[in-house]
Structures are given as C-alpha cells and as structure tokens.
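Asks: fold the following for me, if possible:
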Amino acid sequence: MTDTPSPSVALDDQLCFALYAASRAVTARYRPLLDELGVTYPQYLVLMLLWEEDGQTVGQLGSRLALDSGTLSPLLKRLTAAGLVTRHRRADDERSVSVRLTDAGRALQGPACAISGHMIDALALSTDEFAELKGQLRTITDRVSDTPQPAKA
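Replies: The predicted structure follows:
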C-alpha cells in the first residue's frame, strides 16, 4: 500500500498553494527581465515556441500552451502590433492562421536566452534536480488534466 498524505484544510498542507506561490514567485522574478524585452510572460511563452519552430498555427500554439483562442488571439494581436510576429491565413487551409516571427522577434532570442540563464542561476538547482522537478511538475499536470502533456527532456 502506498503512503499518501492525509486530507487537510490547512493552507500549508496544500500542494496547490505551494504550486501557486512558486508560480507567482517565478513569474515575478521574470517580470523585470521581460520588461526589458517589452513582452509579457505569456508573450514570452509564444515567442519561445516560435523560436523552436517558426510558422506554427494558432491552434498548435494554443495546444502547447493550454490556451484557448479567446486568450491567445488578443495576445497574438499585441505581438503583431509590437512588430514581433506576423499572422497569415494558410494557403492550404484558409481556416488556419500561421504565426511567424519577424526579424525583430527573432532578434529577441539571444537576450531571452540570457533570461533563461538568470532564472537557472536563481533556482540554484543541479542539472539532475532541475530535470527531476520538471518531470514531477509534468506528472502533476498529466494526472490532473484531461490532456497529457507532451514529453520533453
């Protein structure tokens, strides 16, 4: 039999609160670094996906970020207005919109990599601890969501 935590209503016993507090702290640490780039954290996430693979559809981006089109569309409009991405209907499927980086959007990749370095330093985790924590967080996401997350190293 597996040893599991006892049910509790004490705030400090709640995993959800620990995750919430950690998420807020990490996002707050990102904010001044991203302000220098002129992007918000959700915009940064979109840019990271496009740096991995440019020309993704709005649907692909939404799926990877677990965002619906009502949330993603205004975010993409702001990135377009900032001159960081372009959006075009795909010739092979008029219902689908492709998102591509502009030269200005591609130019942010180097400075963004430096942000990643700052965050890795702030966490002060070993490579193994870093990988283990990401794995545990993905397991939590998979277990509590309807859609399992793609496996990543």
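
Asks: mind listing what's buried along whatever helix or strand residue 75 lives in?
Replies: Using DSSP states H and E, the secondary-structure element containing residue 75 is helix 69-81. By neighbour count, with 16 or more other Cβ atoms under 10 Å as the criterion, the buried positions of helix 69-81 are 72, 75-76, 79. From N, CA and C alone the C-beta is placed, and that goes for glycine too.

Asks: can you check stretch 111-122 too?
Replies: Under the neighbour-count criterion of 16+ other Cβ under 10 Å, stretch 111-122 has 112, 115 buried.

Asks: which helices and strands sit right next to the helix holding residue 75?
Replies: In this structure, helix 69-81 packs against helix 41-52, helix 58-65, strand 85-90, with contacts taken as 3 or more Cβ pairs under 8 Å, 6 or more residues apart in numbering; DSSP states H and E.

Asks: 10 Å instead, please
Replies: Identification of packing neighbours for helix 69-81 by 3 or more Cβ pairs under 10 Å, 6 or more residues apart in numbering; DSSP states H and E yields helix 41-52, helix 58-65, strand 85-90, strand 93-101.

Asks: related to what we said a few turns ago, got the buried residues of helix 69-81 as JSON lines, with distance to residue 27 columns?
Replies: Putting those into JSON lines (distance: Cβ to Cβ, whole Å) gives the following:
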{"residue": "72", "distance to residue 27": "18"}
{"residue": "75", "distance to residue 27": "15"}
{"residue": "76", "distance to residue 27": "20"}
{"residue": "79", "distance to residue 27": "18"}
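
Asks: now, which of those sits nearest residue 140?
Replies: Of all the buried residues of helix 69-81, the one sitting nearest residue 140 is residue 72; the distance, using Cβ to Cβ, is 23.2 Å.
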